[in-house]
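My questions are about this predicted structure, shown below with the sequence.
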Amino acid sequence: MSDARTIAAYDGRAGDYAAMTADIGEVTALRSFIAALPSGARVLDLGCGPGHAAAGMAEAGLSPDPVDASAEMVALARARGLPARQARFGDITARDRYDGIWANFSLLHAPRATFPGHLARLHRALRPRGLLHLGMKTGEGEARDTLGRFYTYYRPEELLGHLAHAGFTVTGCAEGKGKGLAGTVDPWCLVTAHA
């Protein structure tokens, strides 16, 4: 994420976001992601927010690497004892480093033009057969929400095409709807894929 207005929105609402996502440890997708990885697996938590998912990973015996573009989110994650660091999507340059990548509703803030490059970087960062979880809001176009955050929307089949082009093998896609920080109920897609 590199959009200044989006980062500022998360910096300004970090506490609210932390409260809203506090029960992520109970999310079926996270439990399934953790269960699919071996003990000690190294996981990139891309857009870690306040660190709820990374904390759940650590408690389950994984080794999370939590990153976020928001300094306030990183501070909240560090307050939980996590080794969080500030980084943007383009800063991910590792190769064959991670057994898994948890990108839960973070890459939706990337402009459409940069999205393929980000997926290619994530594919390179994963070890062979590494696991990717990708959560995205679905729809069409690019827009800002009422908080000023930038979003790019994809139809599920378009998203799967991007993943295939980046070298991923998709193993699952679940769709639903949920209420976010801006208070709107939006459709989403959760995808699992292997490098």
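On my side now, so go ahead.

thought S39 was touching L62?
Yes: using C-beta atoms under 8 Å, S39 is in contact with L62, at 7.4 Å. No exception for glycine: its C-beta is placed from N, CA and C like everyone else's.

Looking only at neighbour counts, state which of those two leads.
Neighbour totals were compared for S39 and L62, and L62 leads with 22 against 8 (other C-beta atoms under 10 Å).

Spell out which residues sit in contact with that one, please.
By C-beta atoms under 8 Å, 6 or more residues apart in numbering, the residues touching L62 are 34, 37, 39-43, 100.

where along the chain do the helices fall?
Counting by DSSP state H, the chain has these helices, from start to end: 4-12, 14-20, 28-35, 52-59, 71-79, 115-125, 156-165.

Same list (those helices) but as JSON lines, adding mean neighbour count.
Formatted as JSON lines, those follow (neighbours: other C-beta atoms under 10 Å):
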{"stretch": "helix 4-12", "mean neighbour count": "17"}
{"stretch": "helix 14-20", "mean neighbour count": "16"}
{"stretch": "helix 28-35", "mean neighbour count": "16"}
{"stretch": "helix 52-59", "mean neighbour count": "22"}
{"stretch": "helix 71-79", "mean neighbour count": "20"}
{"stretch": "helix 115-125", "mean neighbour count": "19"}
{"stretch": "helix 156-165", "mean neighbour count": "15"}
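
Reformat the ones you listed as TSV; add mean pLDDT.
Listed next are the helices of the chain as TSV, based on pLDDT from 0 to 100:
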stretch	mean pLDDT
helix 4-12	83
helix 14-20	69
helix 28-35	94
helix 52-59	95
helix 71-79	94
helix 115-125	98
helix 156-165	97
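
now those in CSV, with distance to A87?
As requested, the helices of the chain are exported to CSV (distance: least, C-beta to C-beta, whole Å):
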stretch, distance to A87
helix 4-12, 12
helix 14-20, 16
helix 28-35, 20
helix 52-59, 14
helix 71-79, 9
helix 115-125, 12
helix 156-165, 22
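
Any idea which of these gets closest to T184?
helix 14-20 (13.0 Å; C-beta to C-beta).

Which neighbouring elements make contact with the closest one?
Secondary-structure packing of helix 14-20 (3 or more C-beta pairs under 8 Å, 6 or more residues apart in numbering; DSSP states H and E): helix 71-79.

what's the residue nearest to S106 when sequence neighbours are not counted in contact with, if anything?
Counting by C-beta to C-beta, 6 or more residues apart in numbering, G47 is the residue found nearest to S106 once chain neighbours are left out, at 2.4 Å. Applying C-beta under 8 Å, 6+ apart, one finds that G47 lies in contact with 1, 67-69, 103-107, 109.
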